[in-house]
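Trainee: coords below, sequence missing:
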């Protein structure tokens, strides 16, 4: 009560939890900085790109309660735009290319959002899926995307025109920076005045309306942020792999990101990162093993087990345990 | 002329695929009154309520607030005018604390609710006011409790605190005592009496003892139309109302309302 406004005991607990969480983030960041010494950087970069993608998706599902089944469209749009720009304008620096790809995803996200946001539940998922399929077919047909082959040989270029990204190590630290920025944006959005309203809408939409909130507008803003960050993930991925392909636009990708998010823990900030890490690791490991053809089946089985036995996902379950034992 | 009526409907009608749920209802709520909307099951009370709060669009008719039409406004817009509704099933934000529930209502006035780049610490100066409001409904010690863990009666009180946070001129309460034990009912009745000072309340209510204790004026609905209106004394003596409530056979009821 010493401060100008009172802090209730729960808020003090929240504050110390926040401190502990920040410490954890610092440790993880330290580990991420050292990781390329032990693990192949290209694999790490793949994990980071998908982790950002899953975090962006989770902002929508976990914090606004909106299940989009078309997020692949934003990943792919970011990727293609960045790829096209960097391939056609050799003078363009990679960060500018990524920015353009992200903006393209924001524009597409606004368009999708305006068309879909008034729909509820499964109808929202269906509208986003339908729109994403249109985007997929557009990318197949369009003359500048390389059709089934995709865009190859996108130059990584030089960051700010100074630092060459052709080596994997500088590339990795750039991707890590992008990821941290993206994650910070999500973290802040969730813990902002806007995030509070979003949470209220997720918990009880009619009540939020009766308090005077124009819920569609809030959902739309969340949708656009989510789309933009998914685009950022796709753009960065294109620079890393020097490739933009149809796989990113396929509805499988929209499904995969749902899997990553649920597996890691929907509505937890860090869950999607764990989920993405797990799914990408499994895919990479299994693809090299003799049972490589069974990847989808194994992922499907894991998904079923996850939904049946630990619904809050890995991070969600850990949080529950911590809460139970250290209250 | 209409100024003394803060809320008014003219010929309000709602049809669902040929079925007329609300038929030509003219309702007038006087400023400062606690006005009850009662009627047997299926009388259209909740539909009228949803029309008034813009959760349903009317088929025909007009809704006026202080003499100005609000028929075409959206639900969130009338909340900004000061007409705030509650819900039949307690409408709280379950995974937020009681204090956060109230604060979400308070924060709208800050005009920063779209600011996704701002820290939620910028809301902390609202905590005192939120806790004050919780205190007003006797929930101060619940400030830190996640709403999902609160007993039902307390959730309803929290809903009132959240509504009060908007400082509404008209409170629209949809069956505020539904599903409550006797003790909770008494508490809510007292609460409504207390918070209605200087405000207008329109409530849908089943519990007639609550209505008799609280309300200045009562409108009885049956089959989508207004059957009777007056104070509790007058309404409870009205034979048509008695019939509607006792469930007499259809013929006599039709005669009565003819």
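Mentor: Sure, I can see it. This structure is a prediction, so every number in the text was calculated from the model and none was measured. Numbering: from 1, shown residues only, chains lettered A, B, ... in the order given.
Trainee: Tell me where the stretch 101-250 of chain B has helices.
Mentor: Read by DSSP state H, counting those that start in this stretch, the stretch 101-250 of chain B holds these helices, from start to end of the chain: B:127-136, B:152-165, B:182-195, B:208-214, B:232-237, B:239-246, B:250-257.
Trainee: make that chain A, sorry
Mentor: Taking DSSP state H as the criterion, chain A contains helices spanning A:9-34, A:41-64, A:72-88, A:94-116, A:121-141, A:168-190, A:193-203, A:205-210, A:215-241, A:251-264, A:271-288, A:295-309, A:313-325.
Trainee: Can you add mean pLDDT, distance to residue B:242 and mean neighbour count and give those back as JSON lines?
Mentor: (C-beta placed from N, C-alpha, C; glycine too.) Below are the helices of chain A laid out as JSON lines (pLDDT from 0 to 100; distance: least, Cβ to Cβ, whole Å; neighbours: other Cβ atoms under 10 Å in any protein chain shown):
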{"stretch": "helix A:9-34", "mean pLDDT": "82", "distance to residue B:242": "52", "mean neighbour count": "12"}
{"stretch": "helix A:41-64", "mean pLDDT": "93", "distance to residue B:242": "50", "mean neighbour count": "25"}
{"stretch": "helix A:72-88", "mean pLDDT": "93", "distance to residue B:242": "63", "mean neighbour count": "28"}
{"stretch": "helix A:94-116", "mean pLDDT": "94", "distance to residue B:242": "52", "mean neighbour count": "22"}
{"stretch": "helix A:121-141", "mean pLDDT": "91", "distance to residue B:242": "44", "mean neighbour count": "17"}
{"stretch": "helix A:168-190", "mean pLDDT": "93", "distance to residue B:242": "56", "mean neighbour count": "19"}
{"stretch": "helix A:193-203", "mean pLDDT": "93", "distance to residue B:242": "43", "mean neighbour count": "24"}
{"stretch": "helix A:205-210", "mean pLDDT": "92", "distance to residue B:242": "35", "mean neighbour count": "22"}
{"stretch": "helix A:215-241", "mean pLDDT": "95", "distance to residue B:242": "43", "mean neighbour count": "26"}
{"stretch": "helix A:251-264", "mean pLDDT": "90", "distance to residue B:242": "57", "mean neighbour count": "23"}
{"stretch": "helix A:271-288", "mean pLDDT": "88", "distance to residue B:242": "60", "mean neighbour count": "20"}
{"stretch": "helix A:295-309", "mean pLDDT": "84", "distance to residue B:242": "55", "mean neighbour count": "13"}
{"stretch": "helix A:313-325", "mean pLDDT": "84", "distance to residue B:242": "56", "mean neighbour count": "15"}
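Trainee: Chain B contacts on the stretch 151-300 of chain A?
Mentor: Counting by Cβ under 8 Å from any Cβ of the partner chain, the residues of the stretch 151-300 of chain A lying close to chain B are A:188-189, A:191-197, A:199-200, A:203-204, A:206-215, A:217-218, A:221, A:225.
Trainee: want to throw the helices of chain A into TSV with distance to residue B:180?
Mentor: TSV is the format used below for the helices of chain A (distance: least, Cβ to Cβ, whole Å):
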stretch	distance to residue B:180
helix A:9-34	27
helix A:41-64	32
helix A:72-88	47
helix A:94-116	39
helix A:121-141	30
helix A:168-190	35
helix A:193-203	22
helix A:205-210	19
helix A:215-241	29
helix A:251-264	38
helix A:271-288	38
helix A:295-309	36
helix A:313-325	31
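Trainee: so which of these gets nearest residue B:186?
Mentor: Across those, residue B:186 has its closest neighbour in helix A:205-210 (25.1 Å, Cβ to Cβ).
Trainee: related to what we said a few turns ago, present the helices of the stretch 101-250 of chain B as JSON lines; the columns should include mean pLDDT and mean neighbour count.
Mentor: JSON lines is the format used below for the helices of the stretch 101-250 of chain B (pLDDT from 0 to 100; neighbours: other Cβ atoms under 10 Å in any protein chain shown):
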{"stretch": "helix B:127-136", "mean pLDDT": "89", "mean neighbour count": "19"}
{"stretch": "helix B:152-165", "mean pLDDT": "88", "mean neighbour count": "23"}
{"stretch": "helix B:182-195", "mean pLDDT": "86", "mean neighbour count": "16"}
{"stretch": "helix B:208-214", "mean pLDDT": "86", "mean neighbour count": "18"}
{"stretch": "helix B:232-237", "mean pLDDT": "82", "mean neighbour count": "16"}
{"stretch": "helix B:239-246", "mean pLDDT": "77", "mean neighbour count": "16"}
{"stretch": "helix B:250-257", "mean pLDDT": "44", "mean neighbour count": "12"}
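Trainee: does the lengthiest strand in chain B come close to chain A?
Mentor: When chain B is scanned for its longest strand (criterion: DSSP state E), the result is strand B:5-16. No - where contact is defined by Cβ under 8 Å from any Cβ, no part of strand B:5-16 touches chain A; the two come within 15.7 Å at best.
Trainee: and that strand, what does it pack onto?
Mentor: Using 3 or more Cβ pairs under 8 Å, 6 or more residues apart in numbering or on different chains; DSSP states H and E as the contact definition, the elements that strand B:5-16 packs against are strand B:19-25, strand B:28-30, helix B:45-52, strand B:60-65, strand B:200-204.
Trainee: Just put the ones you listed in JSON lines and tack on distance to residue A:121 and mean pLDDT.
Mentor: Formatted as JSON lines, the entries for these read as follows, by distance: least, Cβ to Cβ, whole Å; pLDDT from 0 to 100:
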{"stretch": "strand B:19-25", "distance to residue A:121": "25", "mean pLDDT": "88"}
{"stretch": "strand B:28-30", "distance to residue A:121": "35", "mean pLDDT": "90"}
{"stretch": "helix B:45-52", "distance to residue A:121": "20", "mean pLDDT": "89"}
{"stretch": "strand B:60-65", "distance to residue A:121": "29", "mean pLDDT": "90"}
{"stretch": "strand B:200-204", "distance to residue A:121": "27", "mean pLDDT": "91"}
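Trainee: So for chain A, which of the helices of the stretch 101-250 of chain B sits nearest?
Mentor: Ranking these by proximity to chain A (Cβ to the nearest Cβ) places helix B:127-136 first, at 5.1 Å.
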